[in-house]
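# Model the following, please.
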Amino acid sequence: MHSLIGAFTQRQRPGSFQLVASYGEVRPPGPDAVSARQGPRFIATDPLHTFDKLLLTREIEERLLDCIAFVEVAPLVFDTWGLRAIEPHPSVAVNFRGPPGTGKTMAAHAAASRLGKKILLSRLSELESKYHGDGPKNIVALFDSAKEQDAIVFIDEAESLLSRRFAQPEQAAESAINSMRTELLMALDAFDGLAIFASNLPHSYDTAMESRLLNIEFTLPDLPTRRRIWEAHLVPGLPVDPELSIDRLASIDGVSGRDIKLSVITAAIGAARRKTVVTEALLVSALERQRRPPSAEQGEAGPPLDPQTAEAVKSRLRGSAKNDPAPPDGPAPSDIS
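Purely as a prediction, here's the structure:
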């Protein structure tokens, strides 16, 4: 039976080492190595979207620009003007709240792009751990990694992480989430930069957390914004019916930007299969199918569209059926953020 005896040997580059085992195997510590104190290392990436591609209502865009400006002017305000004496770690924590498909993830990428920074993406499921004590370590590692890589932090699906702490935790899981929330508060207080959270559902947040958050409500797009979204997604290379009216499409409310994008993709697939152009009927029918609850597809009663939206969809279908009576088919793309 072989015995494994390792020894650290210094490389030529100061501060680095390699572990040489008795078998002659070299095991350099990898970039994702886990230490008992720091937890896993998180890797920042380049943002996927630029600010000029962001299509939001004017009110939401202005609110987002205010949050970005905090980071942009921080050196002037806190260093040159001396406010670091009263706030050693100037940071801004923002919570994007709103229904799915309204641009929260895209806005986080756009904010990073405007600031010229990378973005460090995470979600609660990646921060939690079945091992007691690892959750708080993951929080520390996340913010340490953001500082090292000069990145903004974006935590998706953050409802549970921001919610109130358990006053009297009765289970190990409740104690663990309490520890993570406490560690998050301390991490935000020590972080110099921008941290963004995203949540789809309204929640009762922890009062200590609420006092540190700037909330931006992401709502469904209004008429002018819907028109801009349709124009952006009906790209120049897409073969469309010349009778198609963007104004009529934009008049259909109660839809998100993601609904519009998936409807364009679905209609384009149907048109390509039939070797025809994308018509208004194809787009409206695809939009109706996108908005239809899964239970309705199965013949079960599901929550209906609001009356105004339902009537608008029916009107578009009646008016455009003569152009292309066949509904779009082909696989509906999966959720794309």
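# if I look at residue 216, how far off is residue 83?
Counting by CB to CB, to the nearest Å, the gap from residue 216 to residue 83 is 24 Å. The way it works is simple: take the backbone N, C-alpha and C, and place the C-beta from them, glycine included.
# quick one: which of the two has more around it?
Neighbour tally, residue 216 and residue 83, criterion other CB atoms under 10 Å: the higher count belongs to residue 216, 22 against 14.
# Counting by contacts, list what the one helix or strand residue 176 maps to packs against.
Take DSSP states H and E as the rule and residue 176 turns out to sit in helix 172-190. Here helix 172-190 touches helix 134-148, helix 159-162, helix 207-210, going by 3 or more CB pairs under 8 Å, 6 or more residues apart in numbering; DSSP states H and E.
# Can you say which of those is nearest to residue 126?
Nearest to residue 126, of all those, is helix 134-148, at 7.6 Å by CB to CB.
# packing partners for the closest one?
strand 118-123, helix 124-127, strand 151-156, helix 172-190.
# got the angle for the helix holding residue 176 vs helix 134-148?
Interaxial angle of helix 172-190 relative to helix 134-148 (axes from the mean of the first three to the mean of the last three CA atoms, to 10 degrees): 20 degrees.
# Enumerate the positions of helix 172-190 that are buried.
176-181, 183-185, 187-188 (16 or more other CB atoms under 10 Å).
# For residue 287, list the residues it contacts.
252, 255, 259-260, 263, 313 (CB atoms under 8 Å, 6 or more residues apart in numbering).
# Likewise for residue 153?
120, 122, 142-143, 146, 191, 193-196.
# Tell me how far it lies from residue 264.
In terms of CB to CB, residue 153 sits 32 Å off from residue 264.
# what do you get for residue 272?
Distance of residue 272 to residue 264, given as CB to CB: 12 Å.
# Could you do residue 231 as well?
From residue 231 to residue 264 the distance is 11 Å (CB to CB).
# ok, these two, which is more surrounded?
residue 264 (24 against 13).
# which residues does that one contact?
Counted by CB under 8 Å, 6+ apart, residue 264 has contacts 233-234, 238, 278, 283, 286.
# Okay, now the unreliable bits of the protein?
Residue ranges of the chain with pLDDT under 70: 1-40, 129-133, 164-174, 202, 292-337.
# And the helices in the chain, which stretches?
Along the chain, counting by DSSP state H, helices occupy 58-74, 104-115, 124-127, 134-148, 159-162, 172-190, 207-210, 223-233, 246-250, 257-274, 280-291, 294-297, 307-320.
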